[in-house]
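> Provide a 3D model corresponding to the input given below.
(chains A and B)
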Amino acid sequence: MTEATTDVPYAIRVSGLSHFYGERQAVRDLDFQIREGEVFALLGPNGGGKTTLFRVLSTLIPCQQGDVKLLGFDLRTQAPEVRRRIGVVFQAPSLDKKLTVAENIRHQAALYGVTGKQLRDRQRAMMEQLGITDRANELTETLSGGLRRRVELAKGMIHQPRLLLLDEPSTGLDPGARADLWQYLVRLRDESGVTIILTTHLLDEAERADRIAILDEGTIVALGQPDELRASIGGDMITIEAEDADALAFAIQQHFSIKAAVVAGRIRLELPEAGTWVATLVEQFSDQIQSVTLAKPTLEDVFIRKTGHRFWHEKEKVA
Amino acid sequence: MTDADGCATATSPWLAAKTLCWREIVRFFRQRNRVIGALGQPILFWLLFGMGLSRSFRMSPDAEGGQSFLEYYFPGTLVLILLFTAIFATISIIEDRREGFLQSVLVAPVPRWSMVLGKVMGGSLIALMQGIVFLLLAAIFQLTIGVQTALLLVLLLFVSALALTSLGFVLAWRMESTQGFHAIMNLLLMPMWLLSGAFFPVPPLDGTIAWSQVALHWCMRINPVTYCVAGVRRLVYDDVALQGIWTPQLETCWLVTGCFAGIMFAAACWIAGKRTTGDLL
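Below you'll find the model as predicted:
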């Protein structure tokens, strides 16, 4: 039995991680740690590098550059040890459609050396917990998306890993199924102390995590608890729509000596006590302003602040 | 058994291979069109070609045995069944990759060779089962062979199936689409079968023939599938029946087929063992 080489409280330690697909660098020099028992979200737009990071952490692709330790084991030299201890739920369904729910779970268990009574006990408990007991003998091709995701979870958890990696777990799920999924994940963390790492491009999903790393163009642009990140904005958000946003932003800056950024044709102001500013702004520039929105900062605001562009950057370009 | 941090320790490559092999077999029988495709088409070919060509097919005039084309073509059909089944079995790798199933196997704590073994063994056993069904059908045509010969025949078919499934695995592993595999099938696998003495005999080298026949002779002679077909032919028919047909000795057939299977399996393990970004979709 190989001993874990270092430190326990961290489930994951990443330093200097980079990955290239040919010439293109998908992730750049990442450094971060994830504590044991944390729900950690990797949030970012498509192409931000989170899927590459997920693939490296799940041992699907080799670690090219940098140092990664999962549960104390080196990803590069102790991959088999890592693999035995992590559960992976991919975005693309990994179920065999021609097999039943129970068969899928059984085959997965065999890959991890779980057989016999141990398998039967775990399978029964897991299927009950996930509410799929009555589907045991149905072919997975006949199941709905939500049920399939539950079977995926059962597959990923059958060997009782200490770390669960999920790639875009909510994709294709209706709101009810998504709530069920989160209920299960939270219970897993609270009752079994499992560390959960998930990638998502959904801002509201990331809000539910204990901590978030926001990835953009292969780098982490922000990292922290959702509240911390929002608080880093230092006030509330005012968004102004105007016919000539650039001119108005310039005028606001001149007049009030405050910072006004234009993102995607809208003026954005981050201000403490923003409520009182709304009246002042409308009074001063009533002829140019089309609409004003006042809101608490969201994770998207954090993202914009850090990257200078909107979360759905690519979509905007297309539009 | 669990260790200090509650992690199951008894992962076994053999158990993994067994479960993947079993999965192949279960999947096969749940897809009826595959059963029909792999068994039906060769039988249809055998009957149609066998009957249609029987009048134009003639052994050398001095041959005493004088086989009908239906008889001659029988070992070739058997190998064709193995080849078709092997192809279908290995095409499923492309589907496994595309549908995501393969990912979960690739991140499991099992060596790649056990995954290859499971897949190849599953494909080979399916091929063997189909071969046996065809052999039983042949009983209708009064093919009589002893028990010992039958067992040897099953073993030879199994080794041949291993070789062909491993070859299919090597070709399919890096393929992105099943269409690409069909092109390979038409360009490589079918010619390999056609040039194996399955459909027409290897032209003999008696010093009087044209260079094209010599080239054909050597093409067929270096083709490992020729030895699978010839091995079956030697086991099924006696020397009298084989008069006038260039057929390697049985020992040679065993040796070549065994080496073919060993090398192809090793190649499959090697190609699957290389961990690259090509493992992804």
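> Just give me the neighbour total for the spatially closest residue to A:D174 that is not a sequence neighbour.
Spatially, and ignoring its direct neighbours in sequence, A:D174 is nearest to A:G146 (6.6 Å; Cβ to Cβ, 6 or more residues apart in numbering or on different chains). In this view, the C-beta of every residue, glycine as well, is placed from N, C-alpha and C. Neighbour count for A:G146, taken as other Cβ atoms under 10 Å in any protein chain shown: 15.
> Which residues are in contact with A:G146?
A:L173, A:D174, A:G176, A:A177, A:D180 (Cβ atoms under 8 Å, 6 or more residues apart in numbering or on different chains).
> how about these in a markdown table, adding secondary structure, distance to B:P13 and pLDDT?
Listed next are the contacts of A:G146 as a markdown table, based on DSSP: H, G, I helix; E, B strand; the rest coil; distance: Cβ to Cβ, whole Å; pLDDT from 0 to 100:
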| residue | secondary structure | distance to B:P13 | pLDDT |
| --- | --- | --- | --- |
| A:L173 | coil | 35 | 80 |
| A:D174 | coil | 40 | 82 |
| A:G176 | helix | 41 | 83 |
| A:A177 | helix | 36 | 81 |
| A:D180 | helix | 36 | 84 |
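> wait, isn't B:L167 in contact with B:A89?
No - counting by Cβ atoms under 8 Å, B:A89 is not a contact partner of B:L167; they are 11.4 Å apart.
> Determine which two of the contacts of A:G146 are furthest apart.
A:D174 and A:D180 (9.9 Å; Cβ to Cβ).
> Neighbour count for the two, which is higher?
More neighbours surround A:D180 than the other of A:D174 and A:D180, with 17 against 12 (other Cβ under 10 Å).
> That one: what's it in contact with?
A:G131, A:G146, A:R150.
> from those, which is closest to chain B?
Ranked by distance to chain B (Cβ to the nearest Cβ), these are led by A:R150 at 15.4 Å.
> Just give the closest residue to B:G273, not the sequence neighbours.
Once flanking residues are discounted, B:G273 sits nearest to B:R112: 4.5 Å by Cβ to Cβ, 6+ apart.
> close enough to count as contact, the one you found and B:W270?
No - if you go by Cβ under 8 Å, B:R112 and B:W270 don't touch, sitting 9.2 Å apart.
> The two: which is more packed in?
Set B:R112 next to B:W270 and count neighbours by other Cβ under 10 Å: B:R112 wins out with 18 against 13.
> Can you pull out the low-pLDDT segments for the stretch 151-281 of chain B?
B:207-209, B:275-281 (pLDDT under 70).
> before we move on, back to that, the host helix or strand of the residue nearest to A:D174: what's the following helix or strand?
Counting by DSSP states H and E, the element that carries A:G146 is helix A:145-157. Going down the chain from helix A:145-157, the next helix or strand is strand A:163-167, by DSSP H and E.
> Does that next one reach chain B?
No - using Cβ under 8 Å from any Cβ of the partner chain, strand A:163-167 stays clear of chain B, coming no nearer than 9.0 Å.
> cool, stretch A:110-128 as well?
Yes - part of stretch A:110-128 sits near chain B under the criterion Cβ under 8 Å from any Cβ, namely A:A110, A:L111, A:Y112, A:G113, A:V114, A:T115, A:Q118.
> What mean pLDDT does the helix or strand that contains A:V278 get?
Using DSSP H and E, A:V278 sits within helix A:274-285. The average of the pLDDT scores along helix A:274-285 is 85.
> Check which helices and strands that helix sits against.
strand A:236-242, helix A:245-256, strand A:289-295 (3 or more Cβ pairs under 8 Å, 6 or more residues apart in numbering or on different chains; DSSP states H and E).
> so what's residue 18 up against?
Let's take chain A. A:Q25, A:V27, A:R28, A:D29, A:L30, A:Q64, A:Q65, A:G66.
> meant chain B, my bad for not saying
Contacts of B:K18 by Cβ under 8 Å, 6+ apart are A:A110, B:G118.
> what helix or strand does it sit in?
helix B:13-30.
> Can you give me the separation between the closest residue to A:L139 other than its chain neighbours and A:L143?
Of all residues not flanking A:L139 in the chain, A:T100 sits nearest, at 5.7 Å (Cβ to Cβ, 6+ apart). For A:T100, the distance to A:L143 (Cβ to Cβ, to the nearest Å) stands at 10 Å.
> Grab the longest helix from chain B for me.
In chain B, taking DSSP state H as the definition, the longest helix is helix B:69-99.
> what sits up against stretch A:236-252?
Counting by Cβ under 8 Å, 6+ apart, A:258, A:260-262, A:265-275, A:277-278, A:281, A:285, A:288-298, A:301 sit against stretch A:236-252.
> Show the buried residues in the residues you listed.
A:260, A:262, A:266-271, A:274, A:277-278, A:281, A:285, A:289, A:292, A:297-298, A:301 (16 or more other Cβ atoms under 10 Å in any protein chain shown).
> show me where pLDDT drops low in chain A?
A:1-8, A:310-319.
> Got the domain ranges for it?
Domain assignment for chain A, taken from automatic domain parsing, gives A:10-96+A:156-224, A:233-318.
> Could you export stretch B:225-238 as CSV, CA atoms only?
Output in CSV follows, covering the C-alpha atoms of stretch B:225-238 (Å, rounded to 0.1, in the frame of the first residue of the first chain):
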residue,chain,number,x,y,z
VAL,B,225,-5.7,-15.0,-42.7
THR,B,226,-4.7,-17.6,-45.4
TYR,B,227,-3.5,-19.8,-42.6
CYS,B,228,-6.7,-19.5,-40.6
VAL,B,229,-8.7,-20.6,-43.6
ALA,B,230,-6.2,-23.3,-44.6
GLY,B,231,-6.2,-24.6,-41.0
VAL,B,232,-9.9,-24.9,-41.0
ARG,B,233,-9.7,-26.6,-44.5
ARG,B,234,-7.2,-29.1,-43.3
LEU,B,235,-9.2,-30.0,-40.2
VAL,B,236,-12.5,-30.3,-42.1
TYR,B,237,-11.3,-32.1,-45.2
ASP,B,238,-9.0,-35.0,-45.8
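> Okay then, goodbye and thanks.
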